[in-house]
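**Student:** predicted model and sequence follow; I will ask about them next.
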Amino acid sequence: MNQELLRIVDGLARDKNIDREVVLEDLEAAMLSAIRKQNVTTEDITVHIDRKTGDIAATVDGKVMSIRDLGRIAAQTAKQVMIQRIREAERGSIYEEYLDRRGQIVTGRTTRWEGGSLIVDLGRTEAILPRGEQIPGESHMPEERIRALILDVREQPSAVKIILSRTHPDFIRALFDLEVPEVAEKIIEIKAMAREAGYRTKVAVNSLDAKVDAVGACVGIRGSRIKNIVDELGGEKIDIVRWNDSSKILIGNSLKPAEVAEIALCFELGRATVVVTEDQLSLAIGKRGQNVRLAARLTNWDVDILTPAEFNAGLDLLEKSLREVEGVDSTTVDRVIAMGMVNVLDVEEVGPEPLVNELSLDRALARLIVVRCAEAAKEAAAARQAAEKLKKAESRSPAGEKAGSTGGEKTESPAGEKAESPADETQGQQPGENDVTGDEAGQTDEATSPAAEPQGQQPDENDVTGDEAGQGDEATSPPAAETPEAETKARTEDEAAGA
């Protein structure tokens with residue numbers, strides 16, 4: 001019986017990863033609680049378990065008692081205390097174990113979803129993979145094997161909360177440790193890393209052994225090593241960048257596959273101006289600016305991508321603005337540009353202090369330079385805005401629309417009336433002039449202008465002639481001149497009016 005107790009204690013300690021002594025102490029505490037439950041008024045109670053034989057010795061007020069004499073209620077109390085103490089010890093063991101493994105990769109089995117978070121069974125306990133730490137676009141099914149990074153371990157009253165991550169940059173670093181032996185052995189060092197989970201990652205590597213190629217070792221034979229990492233990440237692109245202590249070379253390497261023509265560094269602003277040709281501009285910027293954004297995070301430089309035309313235009317404006325300041329010569333201009341300030345905005349942002357400290361310029365002159373560059377920047381911005389507004393206005397106007405209408409085109413008067421042509425109307429014409437006859441306007445009887453047409457005619461009849469509409473002569477002749485009798489009557493009325 002006593003040896004069986006020791007075997008149970010050893011098995012429990014092994015399964016729960018708890019120290020054997022802790023289990024024995026918890027068992028003694030449970031028995032002590034059970035005896036006190038039965039002897040409420042007694043204070044002097046002791047329980048001891050022999051670590052070698054497993055014998056249990058219990059005393060109450062100095063008198064030896066048998067544990068077998070305890071009743072059912074006392075035994076139930078001992079059971080509850082034992083379970084509680086064992087759980088607390090197990091929780092402490094889990095916390096210490098995974099706290100030491102923080103930053104390492106663990107393999108688990110997906111069990112269920114809870115409010116967007118994925119619950120992963122790690123064996124001894126469960127961990128949480130929050131939605132924000134999941135790679136965008138990935139989907140996981142129950143009972144699926146998954147690998148993730150232990151991001152954080154928190155001890156709570158009821159359980160240990162383990163937070164996993166698959167989006168953290170250290171997850172990539174841990175995968176390289178698993179797949180590339182040179183990285184695990186510290187022969188190849190990962191100097192920097194920038195990641196946009198699910199899309200692209202840039203890793204800068206450096207070899208501590210001159211005989212080992214850092215990029216080639218990480219890629220592997222026919223890309224076998226990097227392929228395993230990409231497959232684990234669900235197809236995420238990984239760029240291996242060769243590290244260099246020179247910031248210019250490192251920035252050029254980080255912008256691969258684009259070829260860089262020139263790089264200017266401004267240490268005061270932490271800005272790198274990169275010049276690339278037109279055909280390399282899209283490669284350097286990347287899809288939605290992803291390539292240049294990751295390069296900036298990898299190198300810790302604010303990277304600006306410019307074409308040669310834009311770069312030269314900025315330099316020309318800077319040189320022109322500097323030369324307009326009294327006391328600035330060619331040497332000062334060259335020294336300002338050598339500091340990495342390649343446009344007037346850089347000079348305005350830097351301020352006068354670097355010009356005074358680095359170039360030993362007079363403070364008043366440095367202030368004048370900054371003020372002039374600020375004015376030039378505002379002028380350039382205003383000119384650019386005006387050009388953009390003009391371009392938008394031209395793009396919004398309909399094609400072929402002009403300020404004035406040409407002869408023969410339809411025009412609409414402010415009153416909503418239409419005329420055949422502006423040439424047929426006098427500039428000072430009043431709305432009632434359409435009611436007079438051809439003789440009153442000084443025209444011949446054969447004229448077919450709108451002034452000679454009846455008042456009851458519809459506006460559509462004035463819009464086009466019969467020839468334009470493809471109609472016969474009946475559409476062009478006035479109704480009043482259709483018969484000789486009507487023409488004679490009209491002339492008689494004209495003579496009477498003239499008399």
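**Tutor:** Thanks, I have it. Everything numeric in this text was worked out from a predicted model, so none of it was measured.

**Student:** from now on I want contacts and neighbour counts done on CA atoms only, so please keep to that.
**Tutor:** Fine.

**Student:** show me how far the helix or strand where W113 lies is from its chain's centre.
**Tutor:** W113 belongs to strand 105-114 when assigned by DSSP states H and E. Relative to its parent chain, strand 105-114 has a centroid offset of 28 Å by C-alpha atoms, centre = their mean, to the nearest Å.

**Student:** do the same with stretch 307-323
**Tutor:** Per C-alpha atoms, centre = their mean, the centroid offset for stretch 307-323 relative to its chain is 31 Å.

**Student:** that's a strand at D209, yeah?
**Tutor:** No: read with DSSP: H, G, I helix; E, B strand; the rest coil, D209 is coil and lies in no strand.

**Student:** residue contacts, it?
**Tutor:** D209 is in contact with 187-188, counting by C-alpha atoms under 8 Å, 6 or more residues apart in numbering.

**Student:** from I150, how far out is it?
**Tutor:** According to C-alpha to C-alpha, to the nearest Å, D209 and I150 sit 31 Å apart.

**Student:** ditto for K256
**Tutor:** For K256, the distance to I150 (C-alpha to C-alpha) stands at 32 Å.

**Student:** longest single helix anywhere in the chain?
**Tutor:** The helix that spans the most residues within the chain, counting by DSSP state H, is helix 363-396.

**Student:** where do the strands sit along the stretch 151-300 of the chain?
**Tutor:** 160-165, 188-196, 200-207, 237-242, 262-266, 271-275 (DSSP state E, counting those that start in this stretch).

**Student:** turn the ones you listed into CSV, columns for distance to T46, mean neighbour count and mean pLDDT.
**Tutor:** CSV is the format used below for the strands of the stretch 151-300 of the chain (distance: least, C-alpha to C-alpha, whole Å; neighbours: other C-alpha atoms under 10 Å; pLDDT from 0 to 100):
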stretch, distance to T46, mean neighbour count, mean pLDDT
strand 160-165, 33, 22, 92
strand 188-196, 59, 20, 93
strand 200-207, 63, 22, 94
strand 237-242, 65, 21, 93
strand 262-266, 77, 19, 92
strand 271-275, 74, 22, 93
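
**Student:** between those, which gets nearest to R154?
**Tutor:** strand 160-165 (5.0 Å; C-alpha to C-alpha).

**Student:** between the closest one and strand 105-114, how big is the angle?
**Tutor:** Put simply, strand 160-165 runs at 100 degrees to strand 105-114, going by axes from the mean of the first three to the mean of the last three C-alpha atoms, to 10 degrees.

**Student:** what sits against the closest residue to F311 other than its chain neighbours?
**Tutor:** Spatial nearest neighbour of F311, excluding adjacent residues (C-alpha to C-alpha, 6 or more residues apart in numbering): V275 at 7.0 Å. Contacts for V275 (C-alpha under 8 Å, 6+ apart) come out as 260-263, 305-308, 311.

**Student:** let's see it at 6 Å
**Tutor:** Shown in contact with V275 (C-alpha atoms under 6 Å, 6 or more residues apart in numbering): 261-262, 306-307.

**Student:** and V160, by the same measure?
**Tutor:** Residues counted as contacts of V160 (C-alpha under 6 Å, 6+ apart) are R154.

**Student:** just A364 next, same as before
**Tutor:** Applying C-alpha under 6 Å, 6+ apart to A364 gives no contacts.

**Student:** same thing but 10 Å
**Tutor:** Counting by C-alpha atoms under 10 Å, 6 or more residues apart in numbering, A364 touches 352, 356.

**Student:** just L151 next, same as before
**Tutor:** 99, 101-105, 129, 133, 162-166, 168, 170-171.

**Student:** looking at those residues, which one is closest to V241?
**Tutor:** Looking at the contacts of L151 and their distance to V241, the nearest is D170, at 16.8 Å (C-alpha to C-alpha).

**Student:** neighbouring strands for the strand holding W113, and are they parallel or not?
**Tutor:** When sheet partners are counted by DSSP bridges, strand 105-114 sits next to strand 117-121 (antiparallel), strand 145-155 (antiparallel).

**Student:** buried stuff in that strand?
**Tutor:** 105, 108-111, 113 (16 or more other C-alpha atoms under 10 Å).

**Student:** okay if I get the residues you listed as JSON lines plus distance to I18 and pLDDT?
**Tutor:** Formatted as JSON lines, the buried residues of strand 105-114 follow (distance: C-alpha to C-alpha, whole Å; pLDDT from 0 to 100):
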{"residue": "I105", "distance to I18": "23", "pLDDT": "93"}
{"residue": "G108", "distance to I18": "22", "pLDDT": "92"}
{"residue": "R109", "distance to I18": "24", "pLDDT": "93"}
{"residue": "T110", "distance to I18": "26", "pLDDT": "93"}
{"residue": "T111", "distance to I18": "26", "pLDDT": "92"}
{"residue": "W113", "distance to I18": "30", "pLDDT": "89"}
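
**Student:** nearest residue to G252 other than its sequence neighbours?
**Tutor:** Using C-alpha to C-alpha, 6+ apart, the nearest residue to G252 is V260, at 6.1 Å.

**Student:** and this structure, what are its domains?
**Tutor:** The record assigns the chain these domain ranges, following automatic domain parsing: 2-98, 101-165, 309-391, 458-499.

**Student:** let's have those domains in CSV, adding distance to V241.
**Tutor:** Putting these into CSV (distance: least, C-alpha to C-alpha, whole Å) gives the following:
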stretch, distance to V241
domain 2-98, 33
domain 101-165, 23
domain 309-391, 25
domain 458-499, 73
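
**Student:** between these, which one is nearest to I226?
**Tutor:** Smallest distance to I226 across the domains of the chain (C-alpha to C-alpha): 16.6 Å, for domain 101-165.

**Student:** contacting residues for I18?
**Tutor:** Counted by C-alpha under 10 Å, 6+ apart, I18 has contacts 10-12, 86, 89-94.

**Student:** please flag which of those residues sit within helices.
**Tutor:** 10-12, 86, 89-94.

**Student:** pull out the buried residues from these.
**Tutor:** Among these, those scoring as buried are 10, 12, 86, 89-91, 93-94 (criterion: 16+ other C-alpha under 10 Å).
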